[in-house]
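Visitor: okay, sequence plus prediction incoming.
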Amino acid sequence: MTAAAPDKNTGAKNTAETPIAETGTVDADEVARFSAMADAWWDPTGKFRPLHKINPVRLAYIRDTVTRQLRRDAKADKPLKGLKLLDIGCGGGLLSEPMTRLGATVVGADPSRNNIETARLHAERSGLAIDYRQTTAEDIAAGGEKFDVILNMEVVEHVADVDLFLRTCSDLLKPGGIMTVATLNRTLKAYALAIVGAEYILRWLPRGTHQWDKFLKPAELEASLQAAGLDVIDRSGIVFDPLRDQWNASPDMSVNYMLATQKPME
C-alpha cells in the first residue's frame, strides 16, 4: 500500500501504468489522462478542485436517495451500515471515503494503478478500511459479485461503450439495488461552461479533460439505463453559484446532472 516510487536513477516518480486487460468499456486514453493527474486528487485547490467543490452536493444526493429508497434513517450516524457499495471509477477516493464513514462496506474500482495507489495511501492515512482494486466493471461482474449500491459519478462520459458499461453495472446490482449516475449534458451551454470556461478560461481542469461528443443528453442516458434493466427514480441538476463559490442541487439539468436508478425486484 504505497505510492508510486521515485525512479532510482532520476529521482522522478515512476508513473508507468501496470497494463490492464482491454475491455469493451475502458478507454485507454482516458485512463492515461487521469493517471497523469493522480497525485492531485486530494489537493482541494489543485486540478480536482471542481470535484472537491461539487462533492457535498453529490454526497447529499447519494445519501438521501439511498436512505429514502431503502427505507433508512438519513440522520443516523451510519445510515449506510450493512450495505455493500461499489464506487466505479473511484479515482483517488473522494466518494469512497465519505461513503465508508457513512457505514457502507466500500469497494473502490479504477483501471488506473496510479489512482488506486493514491486512494489506498490516503485511506490508510485516514484510518479507513476500503477495498481498492485496479480493475474494471467487467472483471468484477465476471467474478459474480453483487452490490446494494453502485456509484457511477462522472464516469460515463469517459468510457468507450456506454451501453455495454451500463449493462455491466446493472449486472452488478442486487435486485432492489440503487445506482446513481452523474454526467454532463450535451448542450451548447455545457460546451461553453464545462469545456471552454472550465478548461480554457478559468483553467479549473486540464485541457482535454472532457470531450463534448461523449456528453449525454438526459433522455439518451435514461434510454440506455432502461435498456440495461434499470428504472430511473430521480433526476437532479447541479448548478454553480459564482457569488457564493459553491454548487447546488437544481431542477436545471442543462450542464451537470444526476440520475438515480433502481433495479427491479425479481
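Guide: Alright, I've got the coordinates.

Visitor: doesn't residue 98 lie inside a helix?
Guide: Yes. Counting by DSSP: H, G, I helix; E, B strand; the rest coil, residue 98 falls inside a helix.

Visitor: checking the closest residue in space to residue 213 that isn't next to it in sequence next. Helix, strand or coil?
Guide: Closest residue to residue 213 apart from its sequence neighbours, by CB to CB, 6 or more residues apart in numbering: residue 186 at 7.6 Å. C-beta coordinates here come from the backbone N, C-alpha and C atoms, glycine included. Assigned by three-state DSSP, the conformation of residue 186 is coil.

Visitor: can you check residue 178 too?
Guide: strand.

Visitor: which strands and helices lie in contact with the host helix or strand of residue 236?
Guide: Element membership for residue 236 (DSSP states H and E) is strand 231-241. Here strand 231-241 touches helix 49-69, helix 218-227, strand 246-250, strand 256-262, going by 3 or more CB pairs under 8 Å, 6 or more residues apart in numbering; DSSP states H and E.

Visitor: and those as CSV, adding mean neighbour count and distance to residue 177?
Guide: Output for the helices and strands packed on strand 231-241, formatted as CSV (neighbours: other CB atoms under 10 Å; distance: least, CB to CB, whole Å):
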stretch, mean neighbour count, distance to residue 177
helix 49-69, 18, 9
helix 218-227, 16, 13
strand 246-250, 16, 23
strand 256-262, 23, 7
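
Visitor: out of the ones you listed, which gets nearest to residue 109?
Guide: Set against residue 109 and scored by CB to CB, the helices and strands packed on strand 231-241 come closest in helix 49-69, at 16.5 Å.

Visitor: quick one: mean pLDDT for that closest one?
Guide: On average, the pLDDT along helix 49-69 is 95.

Visitor: hmm, residue 216 and the residue nearest to residue 213 touching each other?
Guide: Yes. Under the contact definition of CB atoms under 8 Å, residue 186 touches residue 216, with a separation of 6.1 Å.

Visitor: check contacts around the residue nearest to residue 213.
Guide: 212, 213, 215, 216, 217, 220 (CB atoms under 8 Å, 6 or more residues apart in numbering).

Visitor: for residue 103, which non-adjacent residue is closest in space?
Guide: That would be residue 78: by CB to CB, 6+ apart, it lies 2.9 Å from residue 103.

Visitor: again but with residue 261, I slipped
Guide: Leaving aside its sequence neighbours, residue 261 sits nearest to residue 230 (CB to CB, 6+ apart; 4.0 Å).

Visitor: how many other residues sit next to residue 91?
Guide: By other CB atoms under 10 Å, 24 other residues sit near residue 91.

Visitor: so how far is residue 231 from it?
Guide: Relative to residue 231, residue 91 is positioned 27 Å away (criterion: CB to CB, to the nearest Å).

Visitor: what do you get for residue 175?
Guide: Distance from residue 175 to residue 231, by CB to CB: 12 Å.

Visitor: any common contacting residues for these two?
Guide: 263, 264.

Visitor: could I get the full set of helices for the chain?
Guide: 28-35, 49-69, 96-101, 113-126, 137-142, 162-172, 188-190, 218-227 (DSSP state H).

Visitor: hey, what's the residue nearest the centre of the chain bridged with?
Guide: For the chain, the residue sitting closest to the mean C-alpha position, by CA atoms, centre = their mean, is residue 153 at 3.2 Å. Beta-bridge partners for residue 153, by DSSP bridges, are residue 182.

Visitor: hang on, isn't it packed against residue 180?
Guide: Yes. Residue 153 lies in contact with residue 180 (CB under 8 Å); the separation is 6.7 Å.

Visitor: what do these two both touch?
Guide: With CB under 8 Å, 6+ apart, residue 153 and residue 180 have common neighbours residue 258.

Visitor: list the buried residues of stretch 116-127.
Guide: Going by neighbour count (16 or more other CB atoms under 10 Å), the buried part of stretch 116-127 is 116, 117, 118, 119, 120, 121, 122, 123.

Visitor: ok, of those residues, which one's closest to residue 235?
Guide: Nearest member of the buried residues of stretch 116-127 to residue 235, counting by CB to CB, is residue 119, at 29.0 Å.
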